[in-house]
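> what shape does this take:
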Amino acid sequence: MNIKKPKFWDKKKPNFIAYLLSPISKLLQISKSLKKDKNLNFPEIKVVCVGNIYIGGTGKTPLSIKISQLLSERNLKTAVIKKFYIDQKDEQIILSKKTNLISKKTREEALTSAIKQNFKFAILDDGLQDKSINYDLKICCFSSNNWIGNGLTIPAGPLREGIISIKNFDIIFLNGPDLQNKIIKKRILEINSEIKIFLAKYKLKNLNNFDTSKNYIAFSGIGNPENFDYFLKENNFKIVKHFSFPDHYKYNKYEINNLKKFANDNNLKIVTTEKDYFRINEKLRENIEYIEIDLEIEEEDKFLSLIL
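Numbers count the residues shown, from 1 in each chain. Okay, the predicted model is just below:
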């Protein structure tokens with residue numbers, strides 16, 4: 001089932017609905033803390049987990065791809081691990097195109113497979129909340145545009161676990177406007193003074209494929225559609241309208257044809273994200289363009305040294 005993220009999640013302070021739901025959030029967190037997990041070690045392979053505590057749209061998949069590429073360029077055999085979810089085939093398609101993807105029903109099974117194939121590094125796309133595995137390095141991603149929303153855990157807010165969990169991580173990745181990054185860095189260091197913080201920016205790889213003198217409609221079914229809108233405008237796209245759908249949304253023929261009709265009637269071109277593009281039936285992709293992004297990491301060599 002696809003559900004849109006509630007708008008009150010991203011308020012700077014909790015509202016009445018958030019406070020009403022907060023007892024449920026607390027009960028869920030207590031329930032998770034009482035769960036007994038396995039304590040799995042994988043000494044044959046270096047295990048790096050790239051995840052988040054804010055649900056969706058923080059850039060963990062682009063960062064997982066980037067780390068895999070950086071290690072592969074140095075002839076270090078690297079696998080990307082993605083737990084299989086039936087509603088996340090879009091991410092699996094992109095990861096399989098750009099990395100050595102191993103996707104299984106459990107992360108334990110995927111890591112065992114990576115070891116059998118003699119991979120030296122395993123980059124897990126998601127899994128910080130999986131306490132059954134002892135990771136060698138834990139990286140948490142944030143978008144500074146959203147940061148922690150109203151600061152509460154699901155369902156009262158957008159967090160999978162409380163902000164205090166930063167104490168358990170090794171590296172924080174921030175992407176977004178510089179001014180907000182400075183404020184957020186200060187808050188992070190108040191919680192964990194030892195943590196390493198790196199800044200990253202998205203760059204458009206296929207800008208030459210677009211005619212930015214034209215007007216566009218955009219559509220997306222991602223965790224934070226506001227970030228996509230911000231990125232398009234930052235790259236001088238003239239967006240007349242942005243149609244937003246729930247995260248990992250599976251588009252049908254009727255919806256795609258309606259988008260195309262709206263664009264045709266108003267002399268507009270159509271742009272979407274790479275993930276959304278690959279969720280569309282191949283027969284319906286004509287006249288739809290997608291942006292392909294690359295991640296630029298400040299102090300890249302310093303960051304890589306922590307992984308090695």
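
> can we go C-alpha only for contacts and neighbour counts from here?
Will do.

> and the nearest residue to residue 275 once chain neighbours are set aside, how close does it get to residue 281?
Counting by C-alpha to C-alpha, 6 or more residues apart in numbering, residue 90 is the residue found nearest to residue 275 once chain neighbours are left out, at 5.3 Å. Distance of residue 90 to residue 281, given as C-alpha to C-alpha, to the nearest Å: 12 Å.

> who has more neighbours out of the two?
residue 90 (19 against 13; other C-alpha atoms under 10 Å).

> isn't residue 45 right next to residue 117, touching?
No: shown here, residue 45 and residue 117 do not form a contact pair, counting by C-alpha atoms under 8 Å, at 10.8 Å.

> so between these two, which is more surrounded?
Neighbours per residue, other C-alpha under 10 Å: of residue 45 and residue 117, the larger number sits with residue 45, 18 against 11.

> for residue 135, see how far away the nearest residue to the more buried one once chain neighbours are set aside is.
Nearest non-adjacent residue to residue 45, counting by C-alpha to C-alpha, 6+ apart: residue 120, 5.0 Å away. Applying C-alpha to C-alpha, the value for residue 120 to residue 135 is 14 Å.

> the more surrounded of the two?
Set residue 120 next to residue 135 and count neighbours by other C-alpha under 10 Å: residue 135 wins out with 20 against 16.

> pLDDT at residue 141, what is it?
Confidence at residue 141, expressed as pLDDT, is 97.

> list the contacts of it.
Applying C-alpha atoms under 8 Å, 6 or more residues apart in numbering to residue 141 gives the contacts 50-53, 58-60, 172-174.

> and those residues as TSV, adding distance to residue 68 and neighbour count?
Listed next are the contacts of residue 141 as TSV, based on distance: C-alpha to C-alpha, whole Å; neighbours: other C-alpha atoms under 10 Å:
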residue	distance to residue 68	neighbour count
50	11	25
51	15	27
52	18	27
53	22	23
58	18	27
59	14	22
60	12	23
172	18	21
173	16	23
174	19	25
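
> filter these down to the ones in strands?
50-51, 172-174 (DSSP state E).

> which one of the residues you listed is nearest residue 71?
residue 50 (14.7 Å; C-alpha to C-alpha).

> ok, for that closest one, nearest residue in space, not its chain neighbours?
Among residues not flanking residue 50 along the chain, residue 139 sits closest, at 4.8 Å (C-alpha to C-alpha, 6+ apart).

> can you tell me the element the one you found falls in?
strand 137-143 (DSSP states H and E).

> over to residue 226?
helix 225-234.

> tell me which residues of that helix are tucked away?
Of the residues in helix 225-234, those buried by neighbour count under the rule 16 or more other C-alpha atoms under 10 Å are 225-229, 231-232.

> what's the angle between it and strand 137-143?
Angle, helix 225-234 to strand 137-143, by axes from the mean of the first three to the mean of the last three C-alpha atoms, to 10 degrees: 70 degrees.

> ok now helix 225-234, how far from the chain's centre?
15 Å (C-alpha atoms, centre = their mean, to the nearest Å).

> partner strands of the next helix-or-strand element following it and their direction?
Per DSSP H and E, the first helix or strand lying C-terminal to helix 225-234 is strand 238-244. Sheet partners assigned to strand 238-244 using DSSP bridges are listed as strand 215-220 (parallel).

> which residues does the strand it pairs with contact?
With C-alpha under 8 Å, 6+ apart, strand 215-220 has contacts from 237-245, 263, 267-273, 276.

> quick revisit: could you figure out how far the strand holding residue 139 is turned away from strand 171-175?
Using the same axes, to 10 degrees: strand 137-143 against strand 171-175 is 20 degrees.

> strand 137-143 pairs with which strands?
Partners of strand 137-143, by DSSP bridges, with direction: strand 46-51 (parallel), strand 171-175 (parallel).

> now the last one, how far from the chain's geometric center?
Spelled out, that is strand 171-175. 12 Å.

> quick check: next helix or strand after it?
Next along from strand 171-175, by DSSP H and E: helix 178-191.

> buried set for that following helix?
In helix 178-191, counting by 16+ other C-alpha under 10 Å, buried: 180-181, 184-185, 188.

> can you list those in CSV and add pLDDT and distance to residue 306?
Formatted as CSV, the buried residues of helix 178-191 follow (pLDDT from 0 to 100; distance: C-alpha to C-alpha, whole Å):
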residue, pLDDT, distance to residue 306
180, 79, 25
181, 85, 21
184, 94, 22
185, 94, 19
188, 97, 19
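
> so which pair among the residues you listed is furthest apart in space?
Using C-alpha to C-alpha, the buried residues of helix 178-191 span at most 12.3 Å, a distance reached by 180 and 188.
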